[in-house]
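Asks: predicted model follows, preceded by the sequence.
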Amino acid sequence: MTQGALHPILAGRRALVVGIANEHSIAYGCAKAFRTLGAELAITWLNERARRFVEPLALDLGATITGALDVSVPGELEVTFDRVRADWGKLDILVHSIAFAPKEDLQGGLLNCSAEGFAKAMDISCHSFVRMAKLAAPLMRDGGTMFAMSYYGANRVVPNYNVMGPVKAALEAVCRYLAYELGSSGIRVHAISPGPLKTRAASGLKDFELLLNEAANKAPLGELVDIMDVGFACGYLATSLARRITGGTVYVDGGTNIVA
Ligand SMILES: NC(=O)c1ccc[n+]([C@@H]2O[C@H](COP(=O)([O-])OP(=O)(O)OC[C@H]3O[C@@H](n4cnc5c(N)ncnc54)[C@H](O)[C@@H]3O)[C@@H](O)[C@H]2O)c1
């Protein structure tokens, strides 16, 4: 895509993007696409260790709010949203692009996933989106758009996706219920379901290369997606061009999901 030809259709919009680990992160594709379309950015990193990878990317994108955010640490979400309230007074776009499951619980199959591992995966990868939405909604005074990243394994069994399948199914249901509860405030909520992408989170999945090959072979459009494809799809959904679309799962996968 020739990005130079794009109009700044998100000019004046303010977007908080959570989930950048490095330049391969889906969240980075979202942030870069929003910036290309004219939005102003707030970008967080997980912790001090992640900061050296994320801060240069955030500076490069001209982010005006940056800081640490670990959604499992009580109070950190509140600090992030206090900062957004103090500096911007409003928010238009929220991206939740985070997932976690303890390795031993992720890789051992669902039957062997511990109760603690299941709860942790659900808390970080799903319920944190509810907590974020609750803090973001009052700041979306002119309406807004919220995104959470799901995957095809929410609806069909994908070998080795294990506990993340039920977690993503819950996340997609969360998006529907949030869309229902927030619709009257002009806030739209989307689950985005990207095709497989080689990221750090994906490297925790066994035989991920097989998944990539299968997706490339199956995709009606004939190739894998990249993070900018996901970012620009979110960019479009954040504009008023998509003002009547909410609550569903939007596949950005070259059509792979329609093929048996
Ligand atoms: N890579 C894929 O093939 C693919 C496909 C579909 C959906 N997804 C989803 O996209 C999202 C982003 O993953 P990615 O593939 O870009 O990988 P990534 O590793 O680049 O991003 C995952 C992010 O989650 C963050 N995170 C983990 N625990 C956190 C916590 N406690 N608090 C705050 N942040 C935390 C990490 O810091 C990291 O930035 C995830 O929800 C993932 O399940 C990925």
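Replies: Right, received. Where do you want to start?

Asks: going forward, measure contacts between C-alpha atoms and count neighbours the same way
Replies: Will do.

Asks: so the helix or strand containing Gly144, near the ligand or not?
Replies: Following DSSP states H and E, the helix or strand that holds Gly144 is strand 144-149. Yes. Using C-alpha under 6 Å from any ligand atom, strand 144-149 reaches the ligand at Met149.

Asks: in its sheet, which strands sit next to that strand, and in what direction?
Replies: strand 93-96 (parallel), strand 187-194 (parallel) (DSSP bridges).

Asks: and for the last one, what's in contact with it?
Replies: Pointing back at strand 187-194 there. For strand 187-194, contacts defined as C-alpha atoms under 8 Å, 6 or more residues apart in numbering pick out 137, 140, 143-152, 171-172, 175-176, 178-179, 182, 225, 230, 234, 243, 245-253.

Asks: could you count how many residues lie near Glu104?
Replies: 12 (other C-alpha atoms under 10 Å).

Asks: mind checking how far it is from Arg14?
Replies: According to C-alpha to C-alpha, to the nearest Å, Glu104 stands 38 Å off from Arg14.

Asks: before we move on, what about His190?
Replies: Here the distance between His190 and Arg14 works out to 17 Å (C-alpha to C-alpha).

Asks: so those two - more neighbours on which side?
Replies: With neighbours defined as other C-alpha under 10 Å, His190 and Arg14 compare such that His190 has more, 27 against 24.

Asks: residues in contact with the residue nearest to the more buried one when sequence neighbours are not counted?
Replies: Nearest non-adjacent residue to His190, counting by C-alpha to C-alpha, 6 or more residues apart in numbering: Phe147, 4.9 Å away. Applying C-alpha under 8 Å, 6+ apart to Phe147 gives the contacts Leu94, Val95, His96, Ser97, Val189, His190, Ala191, Ile192, Cys234.

Asks: isn't Ala136 right up against Leu94?
Replies: Yes. Between Ala136 and Leu94 there is a contact under C-alpha atoms under 8 Å: 7.5 Å.

Asks: in stretch 215-235, which residues are buried?
Replies: 215-216, 218-219, 223-235 (16 or more other C-alpha atoms under 10 Å).

Asks: do stretch 174-181 as well
Replies: Buried residues in stretch 174-181 (16+ other C-alpha under 10 Å): Val174, Cys175, Arg176, Leu178, Ala179.

Asks: ok, the last one to the ligand distance?
Replies: Yep, that's Ala179 we're talking about. The gap separating Ala179 from the ligand is 19 Å, by C-alpha to the nearest ligand atom, to the nearest Å.

Asks: tell me which element that residue is part of?
Replies: helix 164-182.
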